[in-house]
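Novice: Structure, please.
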Amino acid sequence: MVSRPKSGEPQCGDAVGFWQERSWTLVAVVDGLGSGLLAAQASQKALACVADHRREPLLEIVDRCHQALQDTRGAVLALTRVYHREQRLRYVGVGNIGLSAASMDTMQPVSQNGLVGQRLPRLVECEYRCSPGDLIALYTDGISGQFRRQGGLPTLSSSHWTDPQRLAQQLMDAFGTADDDTSVAVLMVTVPPIVHKWS
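Specialist: All right, here's what the predicted structure looks like:
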């Protein structure tokens with residue numbers, strides 16, 4: 001995960017959250033409306049809400065965030081939960097959060113136009129197959145459209161590293177714009193640990 005504020009701003013209005021349970025991993029990427037302190041307040045409030053309700057279904061988490069952000073500027077938000085044992089990925093998004101995957105299976109989720117806390121659209125949850133070793137990147141609109149036009153995460157991961165943290169930083173360095181807040185999260189799908197039951 002990596003975040004960077006807009007040039008001249010002391011705080012980043014975008015944010016990333018990461019939670020892991022035994023069989024799944026949840027990633028949230030949030031972009032508070034605008035930039036600066038008020039945008040940061042909205043994104044941090046959204047992350048706190050996701051943390052409190054992280055075990056609930058994705059659609060319910062977004063609805064709870066919508067209620068929690070009523071007194072803020074609002075935010076765009078994307079949630080991705082990877083079920084490692086079932087090798088499934090679920091996604092729900094509101095607004096312009098991008099997703100790019102280095103995977104054998106095509107992932108092109110649709111985010112609905114809207115603003116969490118202000119104008120919540122009818123939500124759609126997308127589901128895809130995934131495999132151990134797949135890389136998933138979620139990023140805010142501070143990442144230039146050149147990233148997708150140049151092939152997205154498959155090109156970046158094959159040309160550089162497969163370490164998620166290094167990939168997130170490389171994505172930021174190569175395609176992050178100075179005139180907007182930017183957040184990037186890169187997740188690698190893994191095999192869940194074997195739990196031994198002793199008799």
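Novice: Tell me the buried residues in stretch 68-85?
Specialist: Neighbour-count burial for stretch 68-85 flags 68-69, 72-84 (criterion: 16 or more other Cβ atoms under 10 Å). For every residue, glycine as well, the C-beta is placed using N, CA and C.
Novice: er, stretch 32-46 I mean
Specialist: Using 16+ other Cβ under 10 Å as the burial criterion, the residues of stretch 32-46 that qualify are 32-36, 39-46.
Novice: out of the residues you listed, which one sits closest to T177?
Specialist: Among the buried residues of stretch 32-46, S35 lies closest to T177 (Cβ to Cβ), at 12.0 Å.
Novice: got the contact list for that closest one?
Specialist: S35 makes contact with 5-6, 9, 13, 180-181, according to Cβ atoms under 8 Å, 6 or more residues apart in numbering.
Novice: Which one of those sits in the busiest neighbourhood?
Specialist: When neighbours are counted by other Cβ atoms under 10 Å, G13 leads the contacts of S35 with 31 neighbours.
Novice: Ignoring the adjacent residues along the chain, who's closest to that residue?
Specialist: A39 (2.6 Å; Cβ to Cβ, 6 or more residues apart in numbering).
Novice: Confidence-wise, which helix or strand of this protein is lowest on average?
Specialist: Ranking every helix and strand in the chain by mean pLDDT, DSSP states H and E puts helix 152-159 at the bottom, with a mean of 78.
Novice: now for that helix, which elements pack on it?
Specialist: strand 98-102, strand 135-139, helix 164-175 (3 or more Cβ pairs under 8 Å, 6 or more residues apart in numbering; DSSP states H and E).
Novice: so which of these is the most packed in?
Specialist: strand 135-139 (a mean of 25; mean count of other Cβ atoms under 10 Å).
Novice: what does that strand contact?
Specialist: 16, 27, 29, 78, 80, 82, 89, 97-103, 107, 130, 147, 152-153, 157, 162, 164, 167-168, 171, 182-189.
Novice: Help me confirm that E125 comes into contact with E60.
Specialist: No: between E125 and E60 there is no contact under Cβ atoms under 8 Å: 10.6 Å.
Novice: So these two - more neighbours on which side?
Specialist: E125 (15 against 12).
Novice: Ignoring the adjacent residues along the chain, who's closest to the more buried one?
Specialist: V92 (4.7 Å).
Novice: can you count the residues close to that neighbour?
Specialist: Residues lying near V92 (other Cβ under 10 Å) number 22.
Novice: Can you pull the phi/psi pair for it?
Specialist: Main-chain dihedrals, V92, degrees, to the nearest 10: phi -140, psi 140.
Novice: Thanks again, I'm all set now.
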